[in-house]
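J.: I need the structure of the sequence given here:
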Amino acid sequence: MAESNTEVMKRGFEDYASDGYEAMLPLLAPDFELTTPPGLATEPDTYRGQDGMRRYFESFYEAMDEIRIEPKEFREIGDWVVIPFAMSARGRATGIEAGIEGVMTWRLRDGLAVRCLVFAELEDALAAVEREKAA
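T.: Predicted coordinates:
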């Protein structure tokens, strides 16, 4: 029996926690897109495919160290998994701890992630998923 989308994402975050972002790359479809908003990213952008995901994380690691992403829950809605999270990191040069909370929405197709959108608020994430489902 195939894994549910929630199980795929749980495994992805467990792999990330133990082995880093490279461990998540096999979960990405070739047409994967990650979009980060201006309010939650120092460099808002759309990142495509495995190379885009590497670029996204490498931009973090230029300034930050010990980046941790802790999912709070996994809520499956159709092809989407909504994941409120807390992210913390330590400044590479300053050693200062920083953290944010947000919500990721991951759309999966055939067991692979094809889209990830990031939001500051759960209500905005849920509304976006509903819009995407209706489109």
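J.: Look at residue 32 and tell me its secondary structure.
T.: strand (DSSP: H, G, I helix; E, B strand; the rest coil).
J.: Hmm, it is touching residue 54, no?
T.: No - in this structure, residue 32 is not within contact of residue 54 by CB atoms under 8 Å, at 11.7 Å. C-beta coordinates here come from the backbone N, C-alpha and C atoms, glycine included.
J.: out of those two, which sits in the busier spot?
T.: The neighbour comparison of residue 32 against residue 54 (other CB atoms under 10 Å) goes to residue 32, with 22 against 14.
J.: how near is the more buried one to residue 52?
T.: Residue 32 is 7 Å from residue 52, where distance means CB to CB, to the nearest Å.
J.: Over to residue 2?
T.: Distance of residue 2 to residue 52, computed by CB to CB: 26 Å.
J.: more neighbours, the two?
T.: Between residue 2 and residue 52, counted using other CB under 10 Å, the more crowded position is residue 52 (16 against 8).
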